[in-house]
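>>> Would you be able to build a 3D model of this:
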Amino acid sequence: MSFRQTETPVIAAAKAGFSTATAYRIEQDPRLPSHKQAPRSRRRQDPLAAVWDSEVVPLLKSRSGLRPIAIFDEVRRRHPEIGAGIRRTLERRIRTWRALYGAEQDVIFRQEHPPGRLGLSDFTGMADRGVSIASVPLDHRLYHFRLAFSGWEHAAVVLGGESFVALAEGLQNALWALGSAPLQHRSDSLSAAFRNLDDDTRQDQTRRYEALCVHYGMEPTRNNRGVAHENGSIESSHGHLKQAVEDALLLRGSRDFATLDAYRRFVDEVVGRRNARNRKRLDIERPALQLLPTRRTTDYEEAIVTVTSSSGFILRKVFYSVPSRLIGHRLRVRLFDDRLECLLGATPLMTLRRDRSHPSGKNGHIVDYTHIIHALRRKPMALLNLVYREQLFPRRAYQRAFEALLASDSDKPACRTMVGLLALAHERACEAELAEAIDAELDAGRLPDLDALTRRFAPDPASVPDVTIELVPLHLYDELGTVRAGSVA
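A predicted model of the protein is given here:
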């Protein structure tokens, strides 16, 4: 066709390398061969001709969310004579119809985040990862914070659900680890954190969240409820973080950790390696971030409880034991995600591990046998039907010992021996060593002998030093009070 612009058909055909007849044929019809083909016609009868316009299209118009498989089942229910082989034909026809006549869909608008502007928080479940602590499965989730521009992130293990306390503690830990704060903080609608709360409590939690952001100079923002892609800068990162944890667990070769702190260090190491890849972008973003305030703000809830005659208190359907000297006192308790801090007035007393009530509604128990062992020695039979007896034993070996004692002897001697073992563990500070000795006895088919174990863990007289104190003559003290004139400067 280029030669034809300046040459005759014969010369243009010769230069192009084809015959003169072909040149004159192209002159008469310049269309490409692919454009000369007639449209492909239907080769078989339309299997949906009887139902498409009369039944399928009305369903698509009236119920836009209906799945193709549901329409297929309904058509076959109404018309049993239609074979099952039309399923793919129906699905393709519905897909084409919806592309031409269907409802408009939501559009995701890709965003460019300027440095230092936006930080995001969210929670993600980790129960499916199979992590355990001392062979006990750990039901937990991760609090996840991320800067939208640089991708710097922070993750913290959360033992409870999505609560304001977990959000406040995790957010502040992230900001202080970062050393600065963004201009805005975005979270989800906090519906999970405010679940099962009345209106007054929900409004109070909202005010506390806004006050938390104001303390750090951040503007609080939220995405619309149920619209996860509005929080996409962190929602999409959840999968990458969880996959990084999964890879690290596979490389580690075990999903069991000795302590909860060991697992938390493991997660911190995974997050630290991910942050190392974003160091250059963080260096770009850091000048645009805000300075932190001089101190942290409240990241806990407070409650006032009264210690009952059971040497403990009930909070959120969980019984916590405390020393019996606090019976009758009112304690101020600060609730964190994983612990309780107890104060008597302004004086800190102790920190207790936090527990949650069972899903069935049954109360939980956090009991330290050292709080009540002195009273239990005076009433050893109270151990037999104690409400929190299983939680009283500090290790599995002590529970095994009590079960063996009950099986081999009457209730009274078994209770006396068991209380004596607990008292021995407390008074001689040999809880772990005594547990090993008890396990050894039970594995050998023998019951623990309280007298023998008492002698075994008694102080060794040879190891007690013989201290001799020489008294100073009293007249030497008189010389100390005498001031000599020659010694005065």
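>>> all helices in the stretch 1-150 of the chain, in order from the N-terminus.
Using DSSP state H, counting those that start in this stretch, the helices of the stretch 1-150 of the chain run over 9-16, 20-28, 33-36, 57-62, 68-78, 87-101.
>>> how about those helices, which one is nearest Arg446?
Proximity to Arg446 (C-beta to C-beta) singles out helix 68-78 among the helices of the stretch 1-150 of the chain, at 65.9 Å. To be clear about C-beta, it is placed using only N, CA and C from the backbone, and glycine gets the same treatment.
>>> elements contacting that closest one?
With contacts taken as 3 or more C-beta pairs under 8 Å, 6 or more residues apart in numbering; DSSP states H and E, helix 68-78 sits against helix 57-62, helix 87-101.
>>> Mind checking the helices of the stretch 1-150 of the chain for the one nearest to Ala382?
Smallest distance to Ala382 across the helices of the stretch 1-150 of the chain (C-beta to C-beta): 62.3 Å, for helix 68-78.
>>> Any buried residues in the closest one, and which?
For helix 68-78, the neighbour count (16 or more other C-beta atoms under 10 Å) marks 68, 71-72, 75-76 as buried.
>>> now, which of those sits nearest Ala168?
Ala168 has its nearest neighbour among the buried residues of helix 68-78 in Pro68, at 46.1 Å by C-beta to C-beta.
>>> show me where pLDDT drops low in this structure?
Under the criterion pLDDT under 70, the flagged ranges of the chain are 189-204, 223-232, 460-463, 483-489.
>>> quick one, longest helix in it?
For the chain, the helix that runs over the most residues, judged by DSSP state H, is helix 232-252.
>>> State the distance from the residue nearest to the spatial centre of the chain to Cys342.
Computing the C-alpha centroid of the chain and ranking residues by C-alpha atoms, centre = their mean puts Arg141 first, at 1.4 Å. For Arg141, the distance to Cys342 (C-beta to C-beta, to the nearest Å) stands at 26 Å.
>>> Could you do Gly481 as well?
Distance from Gly481 to Cys342, counting by C-beta to C-beta: 49 Å.
>>> follow-up on the earlier one: export the helices and strands packed on helix 68-78 to JSON lines and tack on distance to Leu147 and mean neighbour count?
Output for those, formatted as JSON lines (distance: least, C-beta to C-beta, whole Å; neighbours: other C-beta atoms under 10 Å):
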{"stretch": "helix 57-62", "distance to Leu147": "44", "mean neighbour count": "14"}
{"stretch": "helix 87-101", "distance to Leu147": "39", "mean neighbour count": "13"}
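>>> Distance to Ser410 for these - can I get that in TSV?
TSV is the format used below for the helices and strands packed on helix 68-78 (distance: least, C-beta to C-beta, whole Å):
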stretch	distance to Ser410
helix 57-62	75
helix 87-101	72
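>>> do you know which of those helices lies nearest Gly239?
Smallest distance to Gly239 across the helices and strands packed on helix 68-78 (C-beta to C-beta): 27.4 Å, for helix 87-101.
>>> now for that closest one, which elements pack on it?
With contacts taken as 3+ C-beta pairs under 8 Å, 6+ apart, helix 87-101 sits against helix 57-62, helix 68-78.
>>> Please export the C-alpha coordinates of that helix as CSV.
In CSV, the C-alpha atoms belonging to helix 87-101 read as follows (Å, rounded to 0.1, in the frame of the first residue of the first chain):
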residue,chain,number,x,y,z
ARG,A,87,-24.3,-24.4,34.0
ARG,A,88,-21.2,-22.9,32.3
THR,A,89,-23.4,-21.4,29.5
LEU,A,90,-25.6,-19.8,32.1
GLU,A,91,-22.7,-18.4,34.1
ARG,A,92,-21.0,-16.9,31.0
ARG,A,93,-24.3,-15.4,29.8
ILE,A,94,-25.0,-13.8,33.3
ARG,A,95,-21.4,-12.4,33.4
THR,A,96,-21.9,-10.8,30.0
TRP,A,97,-25.3,-9.5,30.9
ARG,A,98,-24.0,-7.9,34.1
ALA,A,99,-21.1,-6.3,32.2
LEU,A,100,-23.6,-4.7,29.8
TYR,A,101,-26.7,-4.0,32.0
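>>> What lies in contact with it?
Contacting residues not belonging to helix 87-101 are listed as 47-48, 52, 56-57, 60, 68-69, 71-72, 75 [C-beta atoms under 8 Å, 6 or more residues apart in numbering].
>>> same thing with stretch 445-463?
When contacts are defined by C-beta under 8 Å, 6+ apart, stretch 445-463 is touched by residues 401, 404-405, 408, 417, 420-421, 424, 428, 430, 433-434, 437-438, 441-442.
>>> Those residues: which two are farthest apart?
Using C-beta to C-beta, the pair of these lying farthest apart is Ser408 and Arg428, separated by 25.0 Å.
>>> out of the two, which sits in the more crowded spot?
The residue with more neighbours, out of Ser408 and Arg428, is Arg428; 16 against 10, by other C-beta atoms under 10 Å.
>>> got a list of what the more buried one touches?
Residues in contact with Arg428 (C-beta under 8 Å, 6+ apart) are 434, 457-458.
>>> Show me the residues you listed that map onto helices.
Within the contacts of Arg428, residues falling in helices by DSSP H are Leu434.
>>> Nearest to Tyr216 among the contacts of Arg428?
Nearest to Tyr216 among the contacts of Arg428, with distances taken as C-beta to C-beta, is Leu434, at 49.1 Å.
>>> To what extent is the closest one buried, counted in neighbours?
With neighbours defined by other C-beta under 10 Å, the count for Leu434 comes to 25.
>>> Enumerate every residue touching it.
Going by C-beta under 8 Å, 6+ apart, Leu434 touches 397, 421, 424-425, 428, 453, 457.
>>> of the residues you listed, buried ones?
397, 421, 424-425, 428, 453, 457.
>>> would TSV of those with secondary structure and distance to Asp355 be doable?
As requested, these are exported to TSV (DSSP: H, G, I helix; E, B strand; the rest coil; distance: C-beta to C-beta, whole Å):
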residue	secondary structure	distance to Asp355
Ala397	helix	22
Leu421	helix	25
Leu424	helix	27
Ala425	helix	22
Arg428	coil	28
Leu453	helix	31
Phe457	coil	31
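>>> Out of those, give me the two with the largest separation.
The span of the buried ones among the contacts of Leu434, defined through C-beta to C-beta, is set by Ala397 and Arg428 at 15.6 Å.
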